[in-house]
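Peer 1: Here's a sequence, model it:
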Amino acid sequence: MSTTTVTQSTAVDQAAPAPAPGPARRRGERGLARTLLSHGLLTVASLIALFPIVWLVFLSLGPDKDDYLHPGRIWSTMTLDNYSFVLQETNFFDWLKSTLIVSLGTTVIGVMIAATTGYAVSRMRFPGYRKFMWVLLCTQMFPIAVLIVPMYQILSELQLIDTYLGLILVYCSTAVPYCAWLLKGYFDTIPFEIDEAGRVDGLSPFGTFFRLILPLARPGLAVAAFYSFITAFGEVAFATTFLLDDEKYTFAVGLQSFVSEHDAQRNLMAATAVLIAIPVSAFFYLVQKNLVTGLTAGGTKG
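Peer 2: Numbers count the residues shown, from 1 in each chain. Okay, the predicted model is just below:
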């Protein structure tokens with residue numbers, strides 16, 4: 001018996017030790033190859049997205065309008081004269097004032113109308129509410145060329161041609177239907193219990209909407225505001241048709257002054273485009289922290 005025990009002990013001692021198991025990969029953890037691949041793809045996508053911006057800034061530093069044909073010459077002749085010319089010799093600040101008035105007016109009025117419309121359709125069941133939303137959707141199917149003539153006749157009868165208010169109303173007709181659908185879907189995600197809690201606390205429907213629902217809908221309102229602002233900021237066709245005074249031109253229309261029948265001052269256009277991007281970037285910075293969802297988590301009273 002002792003001999004058997006010694007033999008078994010010796011066999012166990014002579015057996016090679018089992019290799020230590022490697023670290024277990026956690027759930028959701030990616031391997032090194034997948035991590036490198038994803039980072040590489042994101043880097044390439046970022047470079048592709050940034051290239052037009054860098055190229056535009058680079059062309060804006062060229063002194064000649066034809067430098068885009070020979071970009072290598074710009075390195076030795078870089079200058080800020082294009083920016084000086086745009087700021088001092090053009091109606092840039094008039095364009096800026098007009099653009100901000102139209103864009104911010106469209107944003108405020110459009111979001112207010114879209115928010116009340118979306119909330120009403122989300123919470124109230126009145127006759128024809130489904131058809132009403134489909135009518136809003138159908139308005140997006142008409143091209144701008146079809147809408148310009150009837151809109152011009154309407155604004156002419158209302159004496160709103162060549163006015164900021166007329167252009168704001170035209171832009172609202174484009175932005176409100178989309179924003180109403182957007183906000184209606186967002187209001188649907190907010191629990192009905194919040195409205196009921198507001199009524200229990202003695203709030204009117206408007207009080208519930210303004211004091212309880214709107215603060216929870218900030219992400220949706222931010223997206224709607226950004227869409228409305230961009231829609232009015234960069235639109236050309238309506239602004240060209242309904243604004244007649246060159247001092248009321250928006251940026252999109254003002255850029256056309258650098259293009260004639262036989263010539264195009266591309267260096268000045270590039271410098272103006274870079275300057276135009278500054279207000280848009282500032283507006284995006286103001287609303288970007290609200291471009292998230294999930295603020296309604298935990299909002300329901302238990």
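Peer 1: tell me what the longest helix along the chain is packed against?
Peer 2: Scanning the chain for the helix with the most residues, using DSSP state H, yields helix 92-123. For helix 92-123, the packing partners by 3 or more C-beta pairs under 8 Å, 6 or more residues apart in numbering; DSSP states H and E come out as helix 129-138, helix 164-188, helix 218-233, helix 251-254, helix 266-287. (Each C-beta comes from the backbone N, C-alpha and C, glycine too.)
Peer 1: how about the last one: buried residues?
Peer 2: For helix 266-287, the buried set under the neighbour-count rule, 16 or more other C-beta atoms under 10 Å, comprises 266-276, 279-280, 283, 287.
Peer 1: ok, now which ones touch Gly234?
Peer 2: Residues counted as contacts of Gly234 (C-beta atoms under 8 Å, 6 or more residues apart in numbering) are Phe251, Ala252.
Peer 1: gap between it and Gln88?
Peer 2: Taking C-beta to C-beta, to the nearest Å as the measure, Gly234 falls 24 Å from Gln88.
Peer 1: With Ile113 instead?
Peer 2: 40 Å.
Peer 1: Then His39?
Peer 2: 45 Å.
Peer 1: likewise Val135?
Peer 2: 49 Å.
Peer 1: And those two? Which one has more around it.
Peer 2: A count of neighbours by other C-beta atoms under 10 Å puts Val135 above the other of Val135 and Gln88, at 11 against 8.
Peer 1: show me the contacts for the closest residue in space to Ile230 that isn't next to it in sequence.
Peer 2: Closest residue in space to Ile230, ignoring its immediate chain neighbours: Val280 at 7.1 Å, by C-beta to C-beta, 6 or more residues apart in numbering. If you count contacts by C-beta under 8 Å, 6+ apart, Val280 has them with Phe229, Ile230, Phe233.
Peer 1: Just among those residues, which is most surrounded?
Peer 2: Phe229 leads the contacts of Val280 on contacts (other C-beta under 10 Å) with 25 neighbours.
Peer 1: Just checking, which helix or strand of this structure averages the lowest pLDDT?
Peer 2: helix 2-14 (a mean of 49; mean pLDDT, DSSP states H and E).
Peer 1: ok, now which ones touch Thr90?
Peer 2: Contacts of Thr90 were listed using C-beta under 8 Å, 6+ apart, and they are Gly254, Ser257, Thr272.
Peer 1: Tally up the residues packed near the first one, please.
Peer 2: Think Gly254. By other C-beta under 10 Å, 22 other residues sit near Gly254.
Peer 1: Show the low-confidence segments of the stretch 151-300 of the chain, by residue range.
Peer 2: The model of the stretch 151-300 of the chain has pLDDT under 70 over residues 261-262, 290-300.
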